[in-house]
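A.B. asks: Structure for this input, please:
(2 chains)
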Amino acid sequence: MTNRENYQRAFSSLHTSESFSCRLEETKMAKSGSISWRKALAAAGILLAVMAGGSTAYAANVGGIQRTIQIWLHGDQTEAVLTVDETAGTYTINDKDGSMIEGGGGVVIDADGKERPLTAEEIAQELANDVATDTIDGRMYLLYHSQKFDITDKFAGSDYYYVTLKDGDSTLYVTVSKDGAVASSPDRYPQPGKDFFNDAE
Amino acid sequence: MRLSAEYLVEKYQENIFRAAFSICRNREDAEDVVQNTFLQYLHTKQEFDSEEHIRAWLLRTAVNQSKNMVKAFWRRNRTSLEEYMAEVPFREPQDRSLVEAVLALPESCRIVIHLYYYEGYSVSEISRMLDLSQTAVKNRLLRGRKQLKQTLKEGWTDDE
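C.D. replies: This is a model prediction of the structure:
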């Protein structure tokens, strides 16, 4: 047998898993392309950028675009500074004392799978659309924009709580697991075990 | 021309998976690439000349997606390569050795080797698909073959 025949026979043994099926009905994707988003928290319990407010200004001393935002910090809203490097598509959030709270970044993947860094507006949008949970005094809260919902009693014996959040014209489908893991999508509820995994899985 | 996504999934899903797997070396990541590749097909406005043109577009998109996947900071829970390989029912013992030897190649060689030997593309076609010069493709093929020969010995002949 030739190398090619051997190669084709060997790789033909590799298959997608039995549980895998390609979903073709999910057709709502951003026209500009899908966004791959990465976020790293500097410390637990510090979430999330809620509203991009104030004016945007280029800050030469930090080599990026800065704006003042509101974040949830240990269950309370407080002011912080968002700095965006548009060249790299990355951002940092610092508190009023200059200590870094969170950092991350992302790329837009176009129809051919090629990447470009997120712009400052796109990063601000991603952050503003973020959803998070926080447990304070034994109660679990869902944090979204400037709102804080107590969801402790919403699970009703289930491991997951499904909630639709609306703000103006935008709708967000959110799935929360009992341990606080959260996932959201503008199209449908993320499915536990398929679209996201919590620590227990 | 356009072909239905259902037809393309039926015909090319496993090919896309194998190409993605040769880069990602992980089943779940490769399945994500398959999913995203077909979703992108549904959304692309690109016109295609033929089914072969679509096949090449799907593979190129899957290769780009796979490269992004490997670079991603955040990746979901995954089955290790060893666990997955232990589950694969290879027809012949030497098939496992060959796949393992390919997966041990540098990423830049792996995809060129796969497109050449599995998908049957020529050097010039791979060069267009990956935006590489023909010399670069030939060098990667040469490097890959050399390493496969060293690893597999008589399991890899000197033919092309």
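
A.B. asks: Just the element for residue A:66, please.
C.D. replies: Using DSSP states H and E, residue A:66 sits in strand A:64-73.

A.B. asks: residues near the residue in chain B that chain A sits nearest to, how many?
C.D. replies: Chain A sits closest to residue B:64 of chain B, with a gap of 2.9 Å, by C-beta to the nearest C-beta. C-betas here are computed from N, CA, C, even on glycine. Other residues within reach of residue B:64, judged by other C-beta atoms under 10 Å in any protein chain shown, total 22.

A.B. asks: Give me the next element, helix or strand, following whichever strand or helix holds it.
C.D. replies: For residue B:64, the host element (DSSP H and E) is helix B:51-71. Next helix or strand after helix B:51-71 toward the C-terminus (DSSP H and E): helix B:81-87.

A.B. asks: Can you tell me the centre-most residue of chain B?
C.D. replies: Geometric centre of chain B, nearest residue: residue B:19, 1.8 Å, by C-alpha atoms, centre = their mean.

A.B. asks: quick one: that one and residue B:111 touch, right?
C.D. replies: Yes - using C-beta atoms under 8 Å, residue B:19 is in contact with residue B:111, at 7.2 Å.

A.B. asks: Overlap of the contact sets of those two?
C.D. replies: Shared contacts of residue B:19 and residue B:111, defined by C-beta atoms under 8 Å, 6 or more residues apart in numbering or on different chains, comprise B:63, B:66.

A.B. asks: Domains in chain B, by residue range?
C.D. replies: Per automatic domain parsing, the domain ranges recorded for chain B read B:1-75, B:93-155.

A.B. asks: low-confidence ranges in chain A?
C.D. replies: Judged by pLDDT under 70, chain A has its weakly predicted residues at A:25-64, A:74, A:110-113, A:167-169, A:193-201.

A.B. asks: could you redo the last one with a cut-off of 80?
C.D. replies: Chain A contains residues with pLDDT under 80 at A:23-78, A:88-89, A:95-96, A:99-116, A:120-130, A:132-136, A:145-148, A:156-158, A:165-172, A:179-201.

A.B. asks: quick one, domains of it?
C.D. replies: With domains defined by automatic domain parsing, chain A comprises A:28-128, A:133-196.

A.B. asks: Mean neighbour count and distance to residue B:123 added to those domains, as TSV?
C.D. replies: What follows is those, written out as TSV (neighbours: other C-beta atoms under 10 Å in any protein chain shown; distance: least, C-beta to C-beta, whole Å):
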stretch	mean neighbour count	distance to residue B:123
domain A:28-128	17	22
domain A:133-196	15	40
